[in-house]
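# predicted model, plus sequence, below.
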Amino acid sequence: MATTINKQRTLTHLLAAPGMAGGSTGDSLPVLEEFIFALCRENAAPEHARQAFQNLKTRFFDWNEVRVSTIRELEEAMAGLADAEARAQRLVSFLQEVFEENFSFDLEALQKKGMKQAAKKLMGYGAANEYVGAWVVQRSLGGHAIPIDSGTMRCARRLGLVESSLEDPEAARTMLEHVVPKAKGVGFTDAVSTLAEQFCWEGEPNCSGCPMNADCPAAQDTCGEQLASARTARAKPR
């Protein structure tokens, strides 16, 4: 089990590693749109999520048109995302629920509620889950929450930020929220997602190319000799 000091050092190196950013839209979104983006973003490469979200914004006149469109039409807009049909169904369900409740597509009133009350309201939507709730709390409501999807869990375990044997995403989120300061939450979420997409794959991760291999216990265990040889080769004079 990594010590707190080791975890903080690993976190610092992750946030400073080149190219470890870009998991969000790049813009501040309204609460409803951040919820929709999170539906696209969970277990998806950042650029695929951004493209799907942009398609929804540009191919349809407004969120009401999305609500009344067919699942097939929404699947086409969300092409590139795994489980596009299920995501489309969740999206329609969410928009229908919001519309029936408010006769509009505006959830900005949640900004005026207390954090616990706003989070509870978000989690009350049928399309919500722990990832979506944490994403919106982090991005739109100014709270401290770390959204956990499969890539985040995999990287956090391999890097030693949470116990390698930990399987429960909610427990992992609690641990990470103790390790990652609130001010660095967005940066961590973006960085760990990029790491998962570019290097830390489920099968045969690219440890030799990963900028975190010197900090990663899993890389040292599985690729230690290879990494040592590569460092020796780079150190030899020409």
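Received the coordinates, thanks. Numbering: from 1, shown residues only.

# pull the CA atoms of stretch 72-80 into CSV?
Extracted C-alpha coordinates of stretch 72-80, given in CSV (Å, rounded to 0.1, in the frame of the first residue of the first chain):
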residue,chain,number,x,y,z
ARG,A,72,-31.6,5.3,-33.9
GLU,A,73,-31.1,8.9,-34.8
LEU,A,74,-29.4,9.5,-31.5
GLU,A,75,-27.3,6.4,-31.9
GLU,A,76,-26.0,7.9,-35.2
ALA,A,77,-25.1,11.1,-33.5
MET,A,78,-23.3,9.2,-30.7
ALA,A,79,-21.4,6.9,-33.1
GLY,A,80,-18.0,6.1,-31.7
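
# ranges for the helices of the chain?
Secondary structure of the chain (DSSP state H): helices located at 4-16, 31-41, 46-59, 63-68, 71-77, 84-102, 115-123, 130-139, 150-159, 169-179, 185-198, 217-235.

# please enumerate residues in contact with the second one?
Yep, that's helix 31-41 we're talking about. 23-25, 29, 48-49, 52-53, 56, 63, 78, 81, 87, 90-91, 94, 98, 105-108, 110-111, 122, 125, 127-128, 131-132, 135-136, 139-141, 147 (CB atoms under 8 Å, 6 or more residues apart in numbering). In short, each C-beta sits where N, CA and C put it, glycine included.

# what about this structure, any weak spots by pLDDT?
Scanning the chain for pLDDT under 70 picks out 1, 21-26, 224-238.

# the domain parsing of it - what is it?
4-21+146-198, 31-139 (automatic domain parsing).

# next, the distance between the ends of the last one.
Length of domain 31-139, first residue to last, CA to CA, to the nearest Å: 9 Å.

# list the contacts for residue 138?
Taking CB under 8 Å, 6+ apart as the criterion, residue 138 is in contact with 144-147, 185-186, 189.

# ignore what I typed, I meant residue 202.
When contacts are counted by CB under 8 Å, 6+ apart, residue 202 touches 150, 154.

# now the phi/psi pair for it, please.
When read as degrees, to the nearest 10, the backbone of residue 202 gives phi -60, psi -50.

# what's the distance between it and residue 78?
22 Å (CB to CB, to the nearest Å).

# nearest spatial neighbour of residue 19, skipping sequence neighbours?
In space, and not counting its chain neighbours, residue 19 is closest to residue 194: 6.6 Å by CB to CB, 6 or more residues apart in numbering.

# count of residues packed around the one you found?
Residues lying near residue 194 (other CB atoms under 10 Å) number 23.

# ok, now how distant is it from residue 66?
The gap separating residue 194 from residue 66 is 28 Å, by CB to CB.

# do residue 167 as well
Using CB to CB, we find residue 167 at a distance of 35 Å from residue 66.

# more neighbours, those two?
Using other CB under 10 Å as the criterion, residue 167 and residue 66 rank with residue 66 on top: 21 against 9.

# residues in contact with that one?
Neighbour list for residue 66: 56, 60, 74, 91-92, 95 [criterion: CB under 8 Å, 6+ apart].

# ok, now with 6 Å
Applying CB atoms under 6 Å, 6 or more residues apart in numbering to residue 66 gives the contacts residue 60.

# residue 125 now?
94, 97.

# residue 52 and residue 42: what is the separation?
Distance from residue 52 to residue 42, by CB to CB: 12 Å.

# number of residues surrounding residue 208?
Residue 208 has 13 neighbours, counted by other CB under 10 Å.

# same deal with the one 3 residues further on?
Burial of residue 211 is recorded as 17 neighbouring residues (other CB under 10 Å).
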